[in-house]
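# sequence and computational prediction follow.
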Amino acid sequence: MRQVAPLVNLVVSTGEPAGIGPEVSLIAALGFLREQDNVAITLLGDSKLLPIPKNISPELVSRLRVQNIELKAPVLQGTLNPENAQYVIHLLDQAIDGCLQGQFDAMVTAPLQKSIINDAGTTFTGHTEYLAERCHASHVVMMLCASLPIGFLELQSSRSLRVALVTTHLPLKEVPLALSYEIVLDTIQIVNQDLQKKFGISKPIIRIAGLNPHAGESGYLGQEEIEIISPAIEAAKKMGVQISGPYPGDTMFDAASITQVDAFIAMYHDQGLAPFKFVTFGNGVNVTLGLPIIRTSVDHGTALDIAGKGIADAGSMLEAMRLAYQLAANQRKQS
């Protein structure tokens with residue numbers, strides 16, 4: 001008799017209730033359950049926002065659970081309400097605790113609205129920083145992933161594009177002050193280790209950007225490459241990491257390198273994510289590296305202007321579920 005593998009259990013924090021998060025979470029969950037028969041999905045949120053259609057097969061419904069967490073105030077689609085800010089944080093906490101306790105194999109997060117959480121009196125920089133604090137991780141890394149199709153940029157086969165960031169949600173003027181030899185080296189190590197452990201890439205090839213135009217042009221346009229970034233690269237090489245750079249930010253992402261490089265590392269948010277989002281057409285997935293748990297997310301916002309209109313694209317959420325499942329499956333193989 002063939003032994004049936006245990007289901008991979010995903011939990012989804014459905015995000016800002018006035019945005020498209022609940023809508024795309026339910027659509028993507030139903031789509032992924034049809035696609036993958038070895039997964040169970042728990043959606044966290046108010047059940048009124050997550051109505052399961054009546055015509056769904058019993059087998060599918062058996063692998064889909066809505067864990068009801070009641071809203072603090074009624075929702076008007078597209079209109080933010082500070083009274084529901086703590087509800088959003090509660091969804092996150094439930095997902096994180098469930099993963100830390102082994103109840104779930106990975107968590108997926110729908111978009112939230114940072115401004116409304118801060119307006120409600122809770123200091124909140126972003127998912128990445130909050131996850132680091134709750135998981136007691138000293139340093140985590142934000143990485144965006146997407147699959148590029150055959151034919152795009154003349155690719156002969158589909159290829160994963162991955163872009164990690166040394167710094168995340170900072171004003172541009174604060175980025176140079178946030179960089180240090182230790183931070184850059186630690187980022188390189190986290191990216192390398194998680195590509196091995198979670199993505200199953202035995203010898204990752206990594207490219208890293210400089211901070212300044214032309215990667216500092218030998219110090220003429222800045223000293224960070226000479227004093228911080230290049231020493232960290234050399235130290236990583238001595239540890240066995242296959243990394244090269246620093247590259248100018250405007251030339252690091254050339255078409256030929258995409259077929260050879262497993263991950264690109266940028267120094268700051270827009271340096272890495274502007275080219276990434278330009279070529280991934282909204283189907284990117286955000287992964288937090290350096291955590292004791294697996295977390296993926298959509299790469300878009302709450303889209304308040306289209307919430308509740310039935311036109312939101314669930315593609316990024318579906319990709320986030322696919323990647324969370326794959327990372328969890330990879331981790332199982334190594335345990």
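On my side now, so go ahead.

# and the host helix or strand of L323, C-alpha only, in CSV?
Following DSSP states H and E, one finds L323 within helix 315-334. Output in CSV follows, covering the C-alpha atoms of helix 315-334 (Å, rounded to 0.1, in the frame of the first residue of the first chain):
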residue,chain,number,x,y,z
GLY,A,315,-1.8,35.8,-9.3
SER,A,316,0.8,37.0,-6.9
MET,A,317,-0.9,35.4,-3.9
LEU,A,318,-1.1,32.1,-5.8
GLU,A,319,2.6,32.3,-6.6
ALA,A,320,3.3,33.1,-2.9
MET,A,321,1.4,29.9,-1.9
ARG,A,322,3.2,27.8,-4.5
LEU,A,323,6.6,29.0,-3.2
ALA,A,324,5.7,28.6,0.4
TYR,A,325,4.6,25.0,-0.4
GLN,A,326,7.9,24.3,-2.3
LEU,A,327,10.1,25.7,0.5
ALA,A,328,8.2,23.7,3.1
ALA,A,329,8.6,20.6,1.0
ASN,A,330,12.3,21.2,0.5
GLN,A,331,12.7,21.7,4.3
ARG,A,332,11.0,18.4,4.9
LYS,A,333,13.3,16.6,2.6
GLN,A,334,16.3,17.9,4.6
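
# tell me what it is packed against?
strand 8-13, helix 21-35, strand 39-45, strand 106-109, strand 141-148, helix 181-197, strand 285-289, strand 295-298 (3 or more C-beta pairs under 8 Å, 6 or more residues apart in numbering; DSSP states H and E). Where C-beta positions appear, they are placed from N, C-alpha and C, glycine not excepted.

# which residues touch the first one?
So that's strand 8-13. 25, 29, 38-45, 91-92, 94-95, 98-99, 103-110, 321, 324-325, 328-329, 332 (C-beta atoms under 8 Å, 6 or more residues apart in numbering).

# ok, now the second one?
Contacting residues not belonging to helix 21-35 are listed as 12, 14-15, 39, 41, 43, 45-46, 49-53, 56, 60, 63-64, 108, 110-112, 298, 302, 307-308, 310, 312-314, 316-318, 320-322, 325 [C-beta under 8 Å, 6+ apart].

# now list the buried members of the contacts of strand 8-13.
Buried by 16 or more other C-beta atoms under 10 Å: 25, 29, 39-45, 91-92, 94-95, 98-99, 104-110, 321, 324-325, 328-329, out of those.

# show me where the stretch 101-250 of the chain has helices.
With DSSP state H, counting those that start in this stretch as the criterion, the stretch 101-250 of the chain has helices at 114-119, 127-134, 175-178, 181-197, 224, 230-238.

# phi, psi for the closest residue to K309 other than its chain neighbours please.
Excluding the flanking residues, the one nearest K309 by C-beta to C-beta, 6 or more residues apart in numbering is Q77, at 7.9 Å. Note on Q77: its backbone torsions stand at phi -50, psi 130 [degrees, to the nearest 10].

# now Q77: how far from A28?
Q77 sits 18 Å away from A28, going by C-beta to C-beta, to the nearest Å.

# those two - which one has more neighbours?
Neighbours were counted for Q77 and for A28 using other C-beta atoms under 10 Å; A28 has more, 26 against 16.

# report pLDDT for the more buried one.
At A28, the model reports a pLDDT of 96.

# likewise K48?
For K48, the pLDDT comes out at 95.

# could you measure from it over to L76?
Distance, K48 to L76, by C-beta to C-beta: 13 Å.

# please consider this matter closed, and thank you.
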